[in-house]
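Engineer: Kindly return the folded structure for what I paste below:
(chains A and B)
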Protein chains: 2
Amino acid sequence: MPQLGFLPRRACAALLSQMLRPPRAACLPAVCCHSQVAEVMLTSQLKPHQEKPNFIIKTPKGTRDLSPQQMVVREKILDMVISCFKRHGAQGLDTPAFELKETLTEKYNEQSGLIYDLEDQGGELLSLRYDLTVPFARYLAMNKLKKMKRYQVGKVWRRESPTIVQGRYREFYQCDFDIAGQFDPMIPDAECLKIMCEILSGLQLGDFLIKVNDRRIVDGIFAVCGVPESKFRTICASMDKLDKISWKDVRHEMVAKKGLAPEVADRIGDYVQHHGGISLVEQMLQDPRLSQSEQALEGLKSLKLLFEYLTLFRITEKISFDLSLARGLDYYTGVIYEAVLLQPPAAGEEPLHVGSVAAGGRYDELVAMFNPKGHKVPCVGLSIGVERIFHIVEQRMKTFGEKVRTTETQVFVATPQKNFLQERLKLIAELWDAGIKAEMLYKNDPKLLTQLHYCENTGIPLVVIIGEQEQQEGVIKLRSVATREEVIKREHLVAEIQRRVSQP
Amino acid sequence: MPQLGFLPRRACAALLSQMLRPPRAACLPAVCCHSQVAEVMLTSQLKPHQEKPNFIIKTPKGTRDLSPQQMVVREKILDMVISCFKRHGAQGLDTPAFELKETLTEKYNEQSGLIYDLEDQGGELLSLRYDLTVPFARYLAMNKLKKMKRYQVGKVWRRESPTIVQGRYREFYQCDFDIAGQFDPMIPDAECLKIMCEILSGLQLGDFLIKVNDRRIVDGIFAVCGVPESKFRTICASMDKLDKISWKDVRHEMVAKKGLAPEVADRIGDYVQHHGGISLVEQMLQDPRLSQSEQALEGLKSLKLLFEYLTLFRITEKISFDLSLARGLDYYTGVIYEAVLLQPPAAGEEPLHVGSVAAGGRYDELVAMFNPKGHKVPCVGLSIGVERIFHIVEQRMKTFGEKVRTTETQVFVATPQKNFLQERLKLIAELWDAGIKAEMLYKNDPKLLTQLHYCENTGIPLVVIIGEQEQQEGVIKLRSVATREEVIKREHLVAEIQRRVSQP
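Structural biologist: Numbering: from 1, shown residues only, chains lettered A, B, ... in the order given. This is a model prediction of the structure:
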């Protein structure tokens, strides 16, 4: 039963590993106990003086509260992701939850309908941010920054049909890392893939694969297969669904809904079934039809260089050049990537249909859209799908009944006697002032058993006991839940606690 | 020039103190360099294929981006606040950015007009949260929780006229700590005041005072002075402005706008000028007029008990019983409090008109408003006005030209020769894999001087240098910016760096 909470930060990685791997014995189920309640709807009777007698108490559709248990898991995951971003030299950035509506317009292709707009209450027209990439590009342009390596962690909002069972919500966190600036080809791009590998390995989610393609190769395929240029983006959006629906269904959408000639769709179909390593890049460079496209050639040459760098980073076995990868967003211009988990579900676990857990790509034109003179700032970046990762970790903890501590309290101040409130208040203030994490019950005369049960239930490791005898003798009882009880001098208490809690 | 970033967490307090106190010598101004740019508006020419030729690039009115420099300051402050909340045994909680509109309705008195509504795009009517208190109460009721000690840090939104110069925004962070549950009187209330003292002392913002009153005393004064009960809340809202405008103006609002009889207003005026300590509580308990009000007596007896506990916590010198304190929000039912800074501006600083920096109170009826059977869950809590605290710290750093590191990079990988990209990539991957924070330039053949300048500008303390000679001899040059250069064996590099960065 790993107990998280007051451990030093350097123990996090070890702990996370404990959390993620099934423990030998199953314990009490703890995580998610509130998340299910989010589904419960209550009808509420308001007080007489209020107009509306009934309404439903719930969170908005597609959103949820995070209980203390869930917050502990989330914090550990975010800590690990952010520490990786910092390891790669990223600076922090924060942008508002909403942007001017026109800042977001025409950046998201067919997904624009999913943007939440704010009501026009007089003033500017505003929309909730849809991702962290467009606000970053707006920030660069507004501040005339030519280069920046930044990370940002924050909520974004999309009015999608929520499939909560798969960890998809309308409000969710994104953790983004981006490198903006004019640099030599594929060096920052390779670093982005290295970061994805570090994070997904570090989180121990099981085996994973990062699919890589290039928007120029996608467009090149469209061009040589005969897609009219005006249909590139919409056909790309259809192709993006290949990880969720079959080629047959995607082909149907292309032909029936988007008016593509069947033979053009079939030619595309011949390409999108290919995936492999550097040798597939070489093979496609020789492809008689594809090599007629200048932009496809550029994309393929870029990928060749990328694979060279990935070899130096020793991560090529995690990378697959996949011609079916399209990425739906409008703003990508070069290399694109998406990480998926490969792990088959273990016995007793629900199958994990979580889709991609990390994704990103190169977007060299986006900043220029915000610049009055159209100055370009090339960018490449990635986004970690922490919400899905939470979902996986939670599922696993639920299955194996793992328990986490939701507080970091180190010491509990107890008394076996009545009329010791004043002493307890004086004592606990002294502990707080010394930086010790301490709690007591908010009762004048609590029973000793109630106090000790509280420690047990919340996992507090130390108990300080003060009663008449101790007070007379100027001592304190210090009881360690794990070991034994000791009587120590009153004036040594703070130092003794500090000694104990600093031990690993 | 204190350099924040890769120091261990325990050094934070010391560092914050450095940041907050003026350094002996003024250095480069760094913080806020982007925040001013938020005012700049650019007119942007979009690419030809797009419809709208011009629009303004800015953040929405009353909002701002936080630059990396600002993020460092914010993180240090939030870390200190959260660690205090955890020291007092609080659990974390997160709730959605928006709630059902009706969840927020009738909780905020005359401030309801400041709530941001989302556009009706089909589905539920939603509003952005206005504080973290109402969502907490909704969470308790929805999950049928009878007690909980929780903290929450998150953005809230209010459509106020922003006075950005005073650190007031339409989007801002709140840091809340609340204790829900039926306990013995005034013990949790006293802890809330203790927490406010710990945080404001810990942040070293200078001298401060916490004004304390009780909503029952306010109502009692209104009753004995002859305010009609139907006007209690609206007169209370006027009284709440006493920290911003004079009694004369408040009186005018009460009489001219809210139709209060002048003699009633004058009677209120006699009370609201009083402030003091426990002796004022005793004096008011004897006040012939006020003691006629049952609820005023209850409030005064509560404050008497509160002062007893504050004496045990040794914080009475920071507390002032202030009869003018009203707190505008509708939901308070008992003790209320508000912390203000007392420090006169130092030479060279702008006067700090920041209003209250922390506030809170008891709200025993709010949870019942969400409960179908009206079950009560008494609550008391506080909110730290971190936005204003950021403003103060930023102002001070600006005045004294302090510089902060915005990255935590420990090692830079450099080369003096051409054609060493591959070696640098291999080397830096090795450092990353060992958990070392490392950067290099994204250039095939950067100049050595450019590389060393980068280290200097960003404050990276160690440089690893690899060139032809080093490669032949199987060694690496490790240069410490602070001390000297050493040549060490290639295979010892990771261990040597780890030894150096772990030194205090």
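
Engineer: in the stretch 151-300 of chain A, which ranges drop under the pLDDT threshold?
Structural biologist: The model of the stretch 151-300 of chain A has pLDDT under 70 over residues A:162-167.

Engineer: do chain A as well
Structural biologist: Judged by pLDDT under 70, the stretches of chain A that qualify are A:1-54, A:109-110, A:162-167, A:343-354, A:484, A:503-504.

Engineer: what does the domain assignment say about it?
Structural biologist: Following the assignment in the TED database, chain A carries domains at A:68-400, A:411-502.

Engineer: and the ones you listed, which is most packed in?
Structural biologist: Highest mean neighbour count among these (mean count of other Cβ atoms under 10 Å in any protein chain shown): domain A:68-400, with a mean of 19. The C-beta positions use only the backbone N, C-alpha and C, and glycine is treated the same way.

Engineer: which SS state does A:Cys192 fall under?
Structural biologist: Following DSSP: H, G, I helix; E, B strand; the rest coil, we place A:Cys192 in the helix state.

Engineer: contacting residues for it?
Structural biologist: Applying Cβ atoms under 8 Å, 6 or more residues apart in numbering or on different chains to A:Cys192 gives the contacts A:Phe177, A:Ile179, A:Tyr337, A:Gly360, A:Val380, A:Gly381, A:Leu382.

Engineer: now A:Glu229
Structural biologist: Taking Cβ under 8 Å, 6+ apart, we find A:Glu229 in contact with A:Ala223.

Engineer: mind checking how far the host helix or strand of A:Gly154 is from the chain centre?
Structural biologist: Assigned by DSSP states H and E, A:Gly154 falls within strand A:148-157. Its chain's average C-alpha position is 11 Å from that of strand A:148-157, according to Cα atoms, centre = their mean, to the nearest Å.

Engineer: quick one: is that strand near chain B?
Structural biologist: Yes - judged by Cβ under 8 Å from any Cβ of the partner chain, strand A:148-157 and chain B are in contact via A:Arg150, A:Lys155, A:Trp157.

Engineer: C-terminal to that strand, what's the next element?
Structural biologist: Next element after strand A:148-157 (DSSP H and E): strand A:171-180.

Engineer: In its sheet, which strands sit next to that following strand, and in what direction?
Structural biologist: strand A:148-157 (antiparallel), strand A:379-384 (antiparallel) (DSSP bridges).

Engineer: before we move on, back to that, and B:Leu462, which of the domains of chain A is closest to it?
Structural biologist: domain A:68-400 (13.2 Å; Cβ to Cβ).

Engineer: How far does the closest one stretch from one end to the other?
Structural biologist: With Cα to Cα, to the nearest Å as the measure, domain A:68-400 spans 19 Å from end to end.

Engineer: same deal with stretch A:157-172?
Structural biologist: Distance between the two ends of stretch A:157-172: 7 Å, counting by Cα to Cα.

Engineer: A:Ala190 touches A:Thr311, doesn't it?
Structural biologist: No - A:Ala190 is not in contact with A:Thr311 according to Cβ atoms under 8 Å; the separation is 9.7 Å.

Engineer: ok now do the spatially most central residue of chain A, which residues does it touch?
Structural biologist: What sits nearest the mean C-alpha location of chain A, by Cα atoms, centre = their mean, is A:Val386, with 1.8 Å. Contact analysis of A:Val386 by Cβ under 8 Å, 6+ apart lists A:Arg74, A:Ile77, A:Leu78, A:Val81, A:Phe172, A:Tyr173, A:Gln174, A:Cys175.

Engineer: Return the backbone torsion pair for the third one.
Structural biologist: In terms of degrees, to the nearest 10, the main-chain angles of A:Leu78 are phi -60, psi -40.

Engineer: Go ahead and confirm it touches A:Tyr151.
Structural biologist: No - under the criterion of Cβ under 8 Å, A:Leu78 is not in contact with A:Tyr151, lying 11.0 Å apart.

Engineer: Overlap in contacts, these two.
Structural biologist: Common neighbours of A:Leu78 and A:Tyr151 (Cβ under 8 Å, 6+ apart) are A:Cys175.

Engineer: For stretch A:261-278, C-alpha coordinates in CSV please.
Structural biologist: Provided in CSV are the C-alpha atoms of stretch A:261-278 (Å, rounded to 0.1, in the frame of the first residue of the first chain):
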residue,chain,number,x,y,z
ALA,A,261,-13.4,10.3,-57.4
PRO,A,262,-13.3,6.6,-56.4
GLU,A,263,-10.1,5.9,-58.3
VAL,A,264,-8.4,8.8,-56.6
ALA,A,265,-9.5,7.5,-53.2
ASP,A,266,-8.2,4.0,-54.1
ARG,A,267,-4.8,5.4,-55.1
ILE,A,268,-4.6,7.1,-51.7
GLY,A,269,-5.6,3.8,-50.2
ASP,A,270,-2.5,2.1,-51.8
TYR,A,271,-0.2,4.5,-49.9
VAL,A,272,-1.8,4.8,-46.5
GLN,A,273,-1.4,1.1,-45.7
HIS,A,274,2.4,1.5,-45.5
HIS,A,275,4.4,1.9,-42.4
GLY,A,276,8.0,1.1,-41.4
GLY,A,277,11.4,2.5,-40.5
ILE,A,278,14.1,4.4,-42.4
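
Engineer: got the domains of chain A as a markdown table, with distance to B:His391 columns?
Structural biologist: Output for those, formatted as a markdown table (distance: least, Cβ to Cβ, whole Å):
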| stretch | distance to B:His391 |
| --- | --- |
| domain A:68-400 | 15 |
| domain A:411-502 | 27 |
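
Engineer: And those domains: which comes nearest B:Arg499?
Structural biologist: Here domain A:68-400 is closest among those (Cβ to Cβ), at 18.0 Å.

Engineer: ok, now how distant is the nearest residue to A:Glu263 once chain neighbours are set aside from A:Tyr116?
Structural biologist: Excluding the flanking residues, the one nearest A:Glu263 by Cβ to Cβ, 6 or more residues apart in numbering or on different chains is A:Gly226, at 7.8 Å. In this view, A:Gly226 and A:Tyr116 are 38 Å apart by Cβ to Cβ, to the nearest Å.

Engineer: With distance to B:Thr316 added, can I get the strands paired with strand A:171-180 in a markdown table?
Structural biologist: Listed next are the strands paired with strand A:171-180 as a markdown table, based on distance: least, Cβ to Cβ, whole Å:
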| stretch | distance to B:Thr316 |
| --- | --- |
| strand A:148-157 | 41 |
| strand A:379-384 | 49 |
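
Engineer: out of those, nearest to A:Arg233?
Structural biologist: strand A:379-384 (19.2 Å).

Engineer: Could the C-alpha coordinates of the closest one be exported in CSV?
Structural biologist: Provided in CSV are the C-alpha atoms of strand A:379-384 (Å, rounded to 0.1, in the frame of the first residue of the first chain):
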residue,chain,number,x,y,z
CYS,A,379,7.7,26.2,-34.7
VAL,A,380,7.6,22.5,-33.7
GLY,A,381,6.1,21.1,-30.6
LEU,A,382,4.2,18.4,-28.8
SER,A,383,1.3,17.9,-26.5
ILE,A,384,1.0,15.2,-23.9
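
Engineer: after that strand, next one along is what?
Structural biologist: helix A:386-400.

Engineer: re earlier: residues in contact with the strand holding A:Gly154: which ones?
Structural biologist: Residues contacting strand A:148-157 (Cβ under 8 Å, 6+ apart): A:78, A:81-82, A:85-86, A:88-95, A:97, A:116, A:128-132, A:136, A:140, A:170-181, B:68, B:97.
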